[in-house]
Structure formats: C-alpha cells, structure tokens
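S.K.: this one's structure only:
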C-alpha cells in the first residue's frame, strides 16, 4: 500500500512486481511533491496517447502500468490533492505562497 501521511494513494496485491511498482511510484512522488504545488500541477494528461498521472513535470504512472484492480488515475490524483491539502493545514507557513 502506498500512502502519503495517512491518505491511501494506491493499494495492490502483494507480489514482487507490485512492490517494485510501489517503490518506483514512491520515488517519483518523493522527487516531485512539494507543499507549494498548486492543484493544477497534479494532473492526468495524455503523453504520446497514453493517459498518465503527472505531478509537476514528473510522470508518476501511465494507465498501462496501473493494475486492473487499482484505483483510476483520477482517483489517485484526488487522493494526492487531499494529502497535500492536509499537509498544508498542518504546516500553515506555506500560506505565504498562496
């Protein structure tokens, strides 16, 4: 399971392949998530005809890599935005950016 703080982003059946995918997604999110991100920077866009979840300029996950039983890219986007908003509420110093 992948969480940001206590917000579930993605849960997969336990297997070596899913653990590897979760680790890749975690690394990409670690590089791209920042408190000052605006909601429009967390988006689902087509990259070469493939729907993909992006945070800032970083591609986090493409639709073909998403397991059939996983949440949609849009649901993952919504969960990331919830986690970011909760983090902003905890760390009110970030309000100067807005």
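M.R.: Sure thing, it's come through. Predicted, not measured: the structure shown is a model, and the values here were computed from it.
S.K.: Can you classify the residue positioned nearest the centre of the chain as helix, strand or coil?
M.R.: By Cα atoms, centre = their mean, the mean C-alpha position of the chain lies nearest to residue 80, the distance being 5.0 Å. When classified by DSSP: H, G, I helix; E, B strand; the rest coil, residue 80 comes out as helix.
S.K.: Same question for residue 54.
M.R.: With three-state DSSP as the criterion, residue 54 reads strand.
S.K.: Equivalent analysis for the one 10 residues further on, please.
M.R.: Here residue 64 is helix, with the state taken from three-state DSSP.
S.K.: how many other residues sit next to it?
M.R.: Residue 64: 8 surrounding residues under other Cβ atoms under 10 Å. Bear in mind the C-beta positions are built from the backbone N, C-alpha and C, glycine included.
S.K.: Any idea what the spatially closest residue to residue 59 that is not a sequence neighbour is bridged to?
M.R.: Distances taken as Cβ to Cβ, 6 or more residues apart in numbering place residue 52 nearest to residue 59, at 5.2 Å, with adjacent residues excluded. On DSSP bridges, the residues paired with residue 52 through beta bridges are residue 45, residue 62.
S.K.: quick one: the residue nearest to the centre of the chain and residue 5 touch, right?
M.R.: No - with contacts counted by Cβ atoms under 8 Å, residue 80 stays clear of residue 5, the gap being 11.0 Å.
S.K.: No more questions from me, cheers.
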